[in-house]
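Enquirer: following is a predicted model, sequence given first.
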Amino acid sequence: MSNIRFLRTLIAIGRYGSFSAASERVALTQAAVSMQMQALEAEWKQVLFDRSGRNTVLNSTGRAILPRVEQIIALYDEMRAIGISASEMVGKVTIGSVVSSMGLLAAVVAGLKSTHPRLAVRLITARSLDLAAQVGSGEIDAALLVESTGKVPANMRWTPLYAEPLVLAASKMTGDASAGKLLRARPFLQFDRTQRTGVLIDRALRKNKIAADPFLELSSLEAIIELVRQDIGVAIVPMVRRSMWRSDAALRILPLSPTAPQRIVGLLERRENDPLQIISVIRQRIQEGSVEP
């Protein structure tokens, strides 16, 4: 009889499209993956793969069986979790975050790890678009990212967690000049307009009829803020949660108009993909603003 590991290998092939890609995910050689799948086909008396091309891929039977295999694995993981004490969290998850939100996520995870040492959480950073794709493909379990204007796929769950108002960042050397005057007179440091935050900032400029002429366009909020400190220019940025910008002796943080957009940060995760409730706990702690154990 096939074991759970064989079924996990089948799921990996379905997600990543080939034996070679799946072998890297399940830590097996390609030959071992092939032997497992041959054993499954012999046991089930079904041909699950099309081997006629250069790459072996799931055939129609394999694709039809795959959702049921995923359900079996989900139920198995839930059964494993039943015997775990309610006060103990164990298991492995991988969570991504945009760079500007990683400090908050890491603080929450560190708080959990201090009281749940058997909890294994791997954190990665990337752009919101890339993180969303990785959640969709199953490469990571969830991601803290910037809200998209697009529709959330049916197999994913989006939970808005907090809002960050757009503000003007300027050097203290600009004195008491207003936000409007600074935007007209000073070089403008633009956040990358290929990213969701950059699109939001660009939209705010157009809505308020601000004809800012970008002096530099950068993909890092931290780099932009450092240039602002040096009085290279001014920038419109989201007021990042847990940042120390307001207390920074080298910075001025000025509000924009009351109707200025806010950046919404939330958690994107796959539905029915948290049998041990690790991601649920992390989501709740971020919502509550709790970073303590």
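Expert: Okay, I see it.
Enquirer: and what about Ile236, helix, strand or coil?
Expert: For Ile236, the assignment made with DSSP: H, G, I helix; E, B strand; the rest coil gives strand.
Enquirer: go on, the one 5 residues further on?
Expert: On the three-state scheme (three-state DSSP), Arg241 is labelled coil.
Enquirer: Val199 sits in which helix or strand?
Expert: Element membership of Val199, judged by DSSP states H and E, is helix 196-207.
Enquirer: per-residue confidence at Glu292?
Expert: Note on Glu292: pLDDT of 46.
Enquirer: ok, Thr56 touching Asp50?
Expert: Yes - between Thr56 and Asp50 a contact is recorded at 7.1 Å, counting by C-beta atoms under 8 Å. Heads up, the C-betas are built off the backbone N, CA and C, glycines and all.
Enquirer: the more surrounded of the two?
Expert: Thr56 (20 against 14; other C-beta atoms under 10 Å).
Enquirer: what sits against that one?
Expert: Shown in contact with Thr56 (C-beta atoms under 8 Å, 6 or more residues apart in numbering): Ser18, Phe19, Ser34, Phe49, Asp50.
Enquirer: which residues touch the closest residue to Gln287 other than its chain neighbours?
Expert: Nearest non-adjacent residue to Gln287, counting by C-beta to C-beta, 6 or more residues apart in numbering: Leu161, 5.4 Å away. With contact set as C-beta under 8 Å, 6+ apart, Leu161 has these partners: Leu144, Val265, Gly266, Leu267, Arg283, Ile286, Gln287.
Enquirer: can you confirm Leu161 is in a helix?
Expert: No - using three-state DSSP, the secondary structure at Leu161 is strand, not a helix.
Enquirer: gap between it and Gly14?
Expert: 31 Å (C-beta to C-beta, to the nearest Å).
Enquirer: what of Ala211?
Expert: Taking C-beta to C-beta, one finds Ala211 at 51 Å from Gly14.
Enquirer: got the buried residues for the helix holding Val199?
Expert: For helix 196-207, burial by neighbour count (16 or more other C-beta atoms under 10 Å) applies to Arg196, Thr197, Gly198, Val199, Leu200, Ile201, Asp202, Ala204, Leu205.
Enquirer: which residues touch the nearest residue to the first one once chain neighbours are set aside?
Expert: Translated: Arg196. Once flanking residues are discounted, Arg196 sits nearest to Val146: 4.2 Å by C-beta to C-beta, 6+ apart. Contact analysis of Val146 by C-beta under 8 Å, 6+ apart lists Val98, Ser128, Gln195, Arg196, Thr197, Leu200, Arg263, Ile264, Val265.
Enquirer: what do you get if the cut-off is 6 Å, keeping everything else the same?
Expert: Contacts for Val146 (C-beta atoms under 6 Å, 6 or more residues apart in numbering) come out as Ser128, Arg196, Thr197, Arg263.
Enquirer: settle it for me: which of Ala211 and Gly14 has more neighbours?
Expert: Gly14 (20 against 9).
Enquirer: could you chop the protein up by domain?
Expert: Following automatic domain parsing, one finds the domains of the chain at 4-82, 91-162+264-288, 163-263.
Enquirer: dump the ones you listed to TSV, plus mean pLDDT.
Expert: Listed next are these as TSV, based on pLDDT from 0 to 100:
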stretch	mean pLDDT
domain 4-82	85
domain 91-162+264-288	88
domain 163-263	91
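Enquirer: separate out the buried members of the contacts of Leu161.
Expert: Leu144, Val265, Gly266, Leu267, Arg283, Ile286.
Enquirer: what about the first one, which SS state?
Expert: Per three-state DSSP, the local secondary structure of Leu144 is strand.
Enquirer: for it, give its distance to Arg127.
Expert: For Leu144 relative to Arg127 (C-beta to C-beta), the value is 12 Å.
Enquirer: quick one: the residue of the chain positioned farthest from its centre from Thr61, how far?
Expert: The C-alpha centroid of the chain is most remote from Lys45, which lies 40.1 Å away (C-alpha atoms, centre = their mean). Lys45 is 11 Å from Thr61, where distance means C-beta to C-beta.
Enquirer: same deal with Ser101?
Expert: 43 Å.
Enquirer: please apply the same query to Thr197.
Expert: Thr197 sits 44 Å away from Thr61, taking C-beta to C-beta as the criterion.
Enquirer: pull the contacting residues for Val93.
Expert: Val121, Asp141, Ile278.
Enquirer: what about the helices in the stretch 151-293 of the chain?
Expert: Counting by DSSP state H, counting those that start in this stretch, the stretch 151-293 of the chain has helices at residues 179-185, 196-207, 221-229, 278-288.
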